[in-house]
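>>> Sequence plus predicted model, see below.
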Amino acid sequence: MLRVLCGANLLAMLAALIQAPTLSAWPGVCLDLAALVEPLLLCGLGLLSLLRDLLWRLPMRMAQGAVVLMMAGLAYAWVSYAEFLLAGGGEAVGRAALLSAAASALMLGYFELRARAFSPALAEARLAALNARIRPHFLFNSLNAVLSLIRARPQQAEQALEALSDLFRAAMRDPGELVCLADEVALGRQYLELEHLRLGERLRVEWSIDDMPLELPIPPLMLQPLLENAVYHGIEPAPEGGTVRVAIARRDDELRISIANPTVGQAAHATGNRMALANIRERLALYYDLEARLEIQAGTDQYEVNITLPWRRKSR
């Protein structure tokens, strides 16, 4: 919807630029044209939302044709009504219908090209490449945690190896498949327990999970890399350690995940942190497009990463 709004308004601005007699008159023509375009655009989006399920059942070309005809009909009706109120001659009605049909066809063509550019095969390959960047760092840190225990605490090292086996089983999942939130939380807890064996009381964790169903599908390896960043950048550099705070809550139709850690030593690993966050942000874009977001709040004593996901299954 955001792309439709931006694209249609951009086309309207270009039309106003062509129609304006001088460049200084362009803003005024834009405002006049907006009075016609905006109601038509909002009504069209509303109708498309209502007819969405019906349009999905049609063959693609037939559905595209129906959208073009619908927008042309809306433009014809709206401009006819405006001409009636203004006692105009009606010359603009046919032109408005044709321009609306052309703009609709142009937007549909853009969406089709975009869908081809982000085809499932390309998206799967991109996700696999992004996940492959996470795994070596994950392997290195996890093995270091186990190696630090082998001589001093062999029994705990054995438990850590069993936990590491479960972690890698999860890491080797198909990147194109969503996993339930409960599995991601369990994986995150297991990873933090592994790090706790290495860091001891220096690592403290506070979990805050609202009372909600945890079967919601989310992308794999969403929590663990953020927890790894929190430990590596916030806890490990501090001699006294610190607390990692994890909050998961539902707000209306959104799932919100927050991971906060102290900022001691944050600057020393800023580059690696930015790379990991860019990786997760790109994976979110591949899974959810504009419906998910990753935001960072960096304070003087706390670094917080907030992820917002849509509360529904995302078809792929």
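Everything's here; your move. Residues are numbered from 1 along each chain as shown.
>>> Can you name the next helix or strand after the helix or strand bottoming out on mean pLDDT in the chain?
Lowest by mean pLDDT, DSSP states H and E among the helices and strands of the chain is helix 120-150, with a mean of 61. Tracing the chain past helix 120-150, the next element assigned as helix or strand by DSSP states H and E is helix 154-171.
>>> Report the mean confidence score over that following helix.
Mean pLDDT, computed over helix 154-171, is 72.
>>> residue ranges of the helices in this structure, please?
2-19, 26-50, 52-57, 60-86, 92-117, 120-150, 154-171, 181-199, 223-229, 270-288 (DSSP state H).
>>> wait, which of those helices is closest to Asp211?
helix 181-199 (13.2 Å; Cβ to Cβ). In this view, the C-beta of every residue, glycine as well, is placed from N, C-alpha and C.
>>> May I have the closest one as PDB, with CA atoms only?
Provided in PDB are the C-alpha atoms of helix 181-199 (Å, rounded to 0.1, in the frame of the first residue of the first chain):
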ATOM      1  CA  LEU A 181       8.700 -18.800  18.500                       C
ATOM      2  CA  ALA A 182       8.900 -21.400  21.300                       C
ATOM      3  CA  ASP A 183      11.800 -23.200  19.400                       C
ATOM      4  CA  GLU A 184      13.700 -19.900  19.000                       C
ATOM      5  CA  VAL A 185      13.200 -19.100  22.700                       C
ATOM      6  CA  ALA A 186      14.500 -22.500  23.700                       C
ATOM      7  CA  LEU A 187      17.500 -22.100  21.300                       C
ATOM      8  CA  GLY A 188      18.300 -18.800  22.900                       C
ATOM      9  CA  ARG A 189      18.100 -20.100  26.400                       C
ATOM     10  CA  GLN A 190      20.300 -23.100  25.400                       C
ATOM     11  CA  TYR A 191      22.900 -20.700  23.900                       C
ATOM     12  CA  LEU A 192      22.900 -18.500  27.000                       C
ATOM     13  CA  GLU A 193      23.300 -21.500  29.300                       C
ATOM     14  CA  LEU A 194      26.400 -22.500  27.200                       C
ATOM     15  CA  GLU A 195      27.800 -19.000  27.600                       C
ATOM     16  CA  HIS A 196      27.000 -19.100  31.300                       C
ATOM     17  CA  LEU A 197      29.300 -22.100  31.700                       C
ATOM     18  CA  ARG A 198      32.100 -20.000  30.200                       C
ATOM     19  CA  LEU A 199      31.400 -16.700  31.900                       C
END
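>>> Report the mean confidence score over it.
For helix 181-199, mean pLDDT rounds to 84.
>>> what angle do it and helix 154-171 make?
150 degrees (axes from the mean of the first three to the mean of the last three Cα atoms, to 10 degrees).
>>> Can you list the buried residues in helix 181-199?
181, 183-185, 187-188, 190-192, 194-199 (16 or more other Cβ atoms under 10 Å).
>>> Contact partners for Gly44?
Residues in contact with Gly44 (Cβ atoms under 8 Å, 6 or more residues apart in numbering) are 70-71, 74.
>>> ok, now with 10 Å
Counting by Cβ atoms under 10 Å, 6 or more residues apart in numbering, Gly44 touches 4, 8, 67, 70-71, 73-75, 78, 100, 104.
>>> For Pro59, give its distance to Ser49.
21 Å (Cβ to Cβ, to the nearest Å).
>>> just to revisit the earlier point, now the helices of the chain in TSV, please, with extra columns for distance to Gly299.
As requested, those are exported to TSV (distance: least, Cβ to Cβ, whole Å):
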stretch	distance to Gly299
helix 2-19	30
helix 26-50	39
helix 52-57	42
helix 60-86	47
helix 92-117	38
helix 120-150	25
helix 154-171	30
helix 181-199	22
helix 223-229	16
helix 270-288	15
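>>> Touching, Ile233 and Ala276? I think so.
Just to correct that, residue 233 is His rather than Ile. Yes - assessed by Cβ atoms under 10 Å, His233 is found in contact with Ala276 at 9.3 Å.
>>> Of the helices of the chain, which stretch is the most buried?
helix 223-229 (a mean of 22; mean count of other Cβ atoms under 10 Å).
>>> which secondary structure elements does that helix contact?
helix 120-150, helix 154-171, helix 181-199, strand 242-251, strand 254-262, helix 270-288, strand 302-310 (3 or more Cβ pairs under 10 Å, 6 or more residues apart in numbering; DSSP states H and E).
>>> Quick one: the ones you listed as TSV, columns for distance to Ala35 too.
Listed next are the helices and strands packed on helix 223-229 as TSV, based on distance: least, Cβ to Cβ, whole Å:
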stretch	distance to Ala35
helix 120-150	40
helix 154-171	55
helix 181-199	46
strand 242-251	36
strand 254-262	34
helix 270-288	35
strand 302-310	34
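>>> domains of the protein?
2-117, 120-310 (automatic domain parsing).
>>> Of those, which shows the lowest average pLDDT?
domain 120-310 (a mean of 78).
>>> just how off-centre is that one within its chain?
Put simply, domain 120-310 sits 17 Å off its chain's centre (Cα atoms, centre = their mean, to the nearest Å).
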